[in-house]
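*Asks:* structure, please.
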Amino acid sequence: MTLLQENQPQIHRKSRIKENNRAFIIGVFLTFLLATVAKFLSTLPYLEIVGALVIALILGIVWRLVLGVEQNYSAGIEFSSKKLLRLGIIILGIRLNIKSIIEIGTNVLSGIIIIVIITIIVIVILSKRMNVNNNIGLLTACGTGICGAAAIVAIAPQMRAKNDQITISIAIIALLGTLFTLIFVLFSAKLPLSDIQYGILSGLSLHELAHVVAAADVRGKSATDIAVIIKLTRVLLLVPIAIIIGHMYRMNNNNSAGNKLPFPWFIIGFLSMSMLNTFISIPVHISDFLVMIAYILIGTAMAALGLMIDTQSFRLYGIKAFIAGLIGTIFMVAIAYVFVTISTM
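*Replies:* Next up is the predicted model:
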């Protein structure tokens, strides 16, 4: 046997590693490219209501349907959907200032917590009654009650949700959020609410931060400012709810070592960043830059989820979950409206 023949397996192994690394980089780059395009599209008229995260998800779905995705890109795409997602969520914590949340008052804070918890419970119960997949039902409930797609992708690892379940839930939230944002904008002038009351209602009821800003902006700066504070208070609830859900799933699967769930350290990172922003004076241009980076990373993850979606699964499981989410959102808007009119009289 010649020296060349002896080295042949090693040459092939190095070649495979090099090809796998190349495919990994292409997979990550593809998700980043779609997220960047989504960010640009979200600045256009009308599309700003939809938001960059949802547009990134849609672009991923369209790419898969039209062009397909090579199997060897899957490692890079999965890296974006998990690792970059968690990094984005951690950085996103820089948006929160806990002092601002405390300053809204105990009555409003209590109302936010109660409305979020009731909304999640109502949608979970509806989903069970309608035979919706348990994971999809709970993810849709958390996305509706807390903060849209970011809540879904943050909580999903705590329940070992599959990619299809995550994507279906995000798609449902995207449709519901856009629909109710348009309704809010159309009826904003007809509601017997002050600008502050309307801002509180928007922050309490709508799904994504982009939806909240788009809806509140029609009533001016004061409405938008309070809406964002209320919405970010809901975002903060992501931390305890993610931990509680993870604990519940660990309890339910305690007989199987293979089902043990990791502690959500990235959620702790998210909270740590918010604490940093609360107690250290960070220049606005730096915090805004970090938030932009966070949304690009989360958008990259959204594109990755879109590239991995099985449209057949949405047809099978998405319709009933959408109906449950729709009824739950109507319920949330209703109790939020009652709360606003009573607590701010």
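*Asks:* wouldn't residue 296 be in contact with residue 34 here?
*Replies:* No: if you go by Cβ atoms under 8 Å, residue 296 and residue 34 don't touch, sitting 11.0 Å apart. Every residue, glycine included, has its C-beta placed from N, CA and C.
*Asks:* the two: who's more crowded?
*Replies:* More crowded of residue 296 and residue 34, by other Cβ atoms under 10 Å: residue 34, with 26 against 20.
*Asks:* show the contacting residues for that one.
*Replies:* Residue 34 makes contact with 56, 59-60, 63, 300, 303, 306-307, according to Cβ atoms under 8 Å, 6 or more residues apart in numbering.
*Asks:* how close does it sit to residue 151?
*Replies:* Using Cβ to Cβ, to the nearest Å, residue 34 is found at 22 Å from residue 151.
*Asks:* what does residue 129 give?
*Replies:* Distance of residue 129 to residue 151, computed by Cβ to Cβ: 22 Å.
*Asks:* who's more crowded, the two?
*Replies:* Neighbour count, other Cβ under 10 Å: between residue 129 and residue 151, residue 151 has more, with 29 against 11.
*Asks:* ok so, going back, among the contacts of residue 34, which one sits closest to residue 165?
*Replies:* Lowest distance from residue 165 to the contacts of residue 34 (Cβ to Cβ) belongs to residue 306, with 14.1 Å.
*Asks:* and the closest one, how many neighbours?
*Replies:* As a burial measure, residue 306 scores 28 neighbours (other Cβ under 10 Å).
*Asks:* right, and the helix or strand after the helix or strand encompassing it?
*Replies:* Residue 306 is located in helix 284-308, with elements delineated by DSSP states H and E. Using DSSP H and E, the helix or strand that follows helix 284-308 in sequence is helix 311-343.
*Asks:* shaky segments in the protein?
*Replies:* Under the criterion pLDDT under 70, the flagged ranges of the chain are 1-18, 49-50, 253-264, 309-314, 344-345.
*Asks:* at 50 what do you get?
*Replies:* Applying pLDDT under 50 to the chain flags the ranges 3-4, 255-259.
*Asks:* picking up where we left off before, buried sites along the helix holding residue 306?
*Replies:* Neighbour-count burial for helix 284-308, counted by 16 or more other Cβ atoms under 10 Å, picks out 287, 290, 294-308.
*Asks:* also stretch 127-146?
*Replies:* 127, 132-133, 135-146.
*Asks:* quote the end-to-end distance of it.
*Replies:* 17 Å (Cα to Cα, to the nearest Å).
*Asks:* which other helices and strands contact the helix holding residue 306?
*Replies:* In terms of contacts (3 or more Cβ pairs under 8 Å, 6 or more residues apart in numbering; DSSP states H and E), helix 284-308 is packed against helix 3-41, helix 52-66, helix 74-79, helix 85-92, helix 149-155, helix 163-187.
*Asks:* between those, which gets nearest to residue 281?
*Replies:* Residue 281 lies closest, by Cβ to Cβ, to one member of the helices and strands packed on helix 284-308: helix 85-92, at 18.2 Å.
*Asks:* who touches residue 150 in this structure?
*Replies:* 53, 89, 92, 235, 238, 298 are the contacts of residue 150 under Cβ under 8 Å, 6+ apart.
*Asks:* how many neighbours does residue 109 have?
*Replies:* 16.
*Asks:* just checking, it touches residue 236?
*Replies:* No: taking contacts as Cβ under 8 Å, residue 109 lies outside contact range of residue 236: 9.9 Å.
*Asks:* now do the shared contacts for these two.
*Replies:* residue 101.
*Asks:* show me which pair in the contacts of residue 150 is furthest apart.
*Replies:* Farthest apart among the contacts of residue 150 by Cβ to Cβ are 53 and 238. That separation is 14.9 Å.
*Asks:* for the two, indicate the residue with more neighbours.
*Replies:* Shown here are residue 53 and residue 238; by other Cβ under 10 Å, residue 53 has more neighbours (29 against 24).
*Asks:* now for the more buried one: which residues touch it?
*Replies:* Here residue 53 is in contact with 38, 148-150, 208, 210, 295, 298-299, 302 (criterion: Cβ under 8 Å, 6+ apart).
*Asks:* the closest residue to residue 32 other than its chain neighbours and residue 137, how far apart?
*Replies:* Excluding the flanking residues, the one nearest residue 32 by Cβ to Cβ, 6 or more residues apart in numbering is residue 300, at 5.1 Å. According to Cβ to Cβ, residue 300 and residue 137 sit 27 Å apart.
*Asks:* just residue 55 next, same as before
*Replies:* 25 Å.
*Asks:* would you check how far apart residue 104 and residue 143 are?
*Replies:* With distances taken as Cβ to Cβ, residue 104 is found 23 Å from residue 143.
*Asks:* with residue 38 instead?
*Replies:* Distance from residue 38 to residue 143, by Cβ to Cβ: 18 Å.
*Asks:* that's all I had, so thanks and see you.
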